[in-house]
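> here is the input, now give the coordinates:
(2 chains)
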Amino acid sequence: MKNIKYELIANSHKAPEHRIRNSFVAFMSGGFMGFLAELIIEALCNWFNISRTESSTYMIIIFIFFACLFTALGFFDKWVNHLRCGLIIPITGFAHSMMSSSLDYKREGPIYGIGSNMFHLAGSVIIYGVVAAFIFGLIRYLGGIQ
Amino acid sequence: MLLFYSFLFCGFICLIGQIILDNTKLTPGHITSMFVVIGVLLDTFNIYDKIIKVVGGGASLPITSFGHLLVHGALSEAKKMGIIGIFNGVLKFCSAGIVAAILFSFIFTIIFKPRD
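Now for the predicted structure:
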């Protein structure tokens, strides 16, 4: 009885979530990031005469650089709060999580602070990616590669 | 036209992530791990390569392309060396992203002070 009452009171004080607006903002910002990525790839291809695969590697490095820089300068967190998945799902979210966790633990020293906590949040991406890639690569290898 | 397609594809991936984030109790950590595994699955059946051919750069920016690169490296080494090639090659192509992230975040952590 007490729990039900508590839930009613808690629900009435919750901030309203604008789900449709959130989704629209995520779509537009994520789409803009993709647009920017394609623009950078084409610009690098034309200026330096390199192949598409090479320039997409440069593009990923450029995005990681700016995500790290803006997180260090302090205003990337506000953008992530507003745009949510539009910045978390692209590779900028990966860089942002590494940068912010290593900044947070800086005061605990170079070894136990920065060194051991840099992959605090981003480690799960690498671990599950590597495990899944190994298993599916093995299946694909045993099944025969075309 | 590639610009428009990459806008649509990258926006669509982010839209799916936002819908999952809003309607379930999963955190961004869960969602990014899930999307990497989805990228691995798509590339195991050669779908992601075709997507990249159609939409261009918009497909190589989301975290799903991370999984695609992991499987791609594993298979390209496995062709040359057999099973030991999978161990050798899983991190072959995506090491650029990981090394860049580690390097830049280390350098900027040394230079800048944390703000609250």
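> alpha carbons only for contacts and neighbour counts from here, please
Fine.
> how far does the helix or strand of chain A with the lowest mean pLDDT sit from its chain's centre?
Lowest by mean pLDDT, DSSP states H and E among the helices and strands of chain A is helix A:2-12, with a mean of 81. From the chain centre to the centre of helix A:2-12 is a distance of 35 Å (C-alpha atoms, centre = their mean, to the nearest Å).
> is that helix in proximity to chain B?
No. Against chain B, helix A:2-12 shows no contacts by C-alpha under 8 Å from any C-alpha of the partner chain, the least distance being 15.7 Å.
> next SSE downstream of that helix?
helix A:19-48 (DSSP states H and E).
> which of the residues in that next one are buried?
For helix A:19-48, the neighbour count (16 or more other C-alpha atoms under 10 Å in any protein chain shown) marks A:22-42, A:44-45 as buried.
> can you pull out the low-pLDDT segments for chain B?
Within chain B, the segments meeting pLDDT under 70 span B:116.
> name the residue closest to the centre of it, please.
In chain B, the residue lying closest to the centroid (C-alpha atoms, centre = their mean) is B:Phe66, at 2.1 Å.
> hey, where'd the helices end up in chain B?
B:2-23, B:28-44, B:47-55, B:64-81, B:83-89, B:95-111 (DSSP state H).
> pick the most deeply packed of the ones you listed.
The highest average neighbour count among the helices of chain B, using mean count of other C-alpha atoms under 10 Å in any protein chain shown, belongs to helix B:64-81 at a mean of 24.
> now do that one: distance to the chain's middle.
Distance, centroid of helix B:64-81 to centroid of chain: 12 Å (C-alpha atoms, centre = their mean).
> give the other helices and strands that that helix contacts.
On a contact count with 3 or more C-alpha pairs under 8 Å, 6 or more residues apart in numbering or on different chains; DSSP states H and E, helix B:64-81 meets helix A:123-143, helix B:28-44, helix B:83-89.
> many thanks, have a good one.
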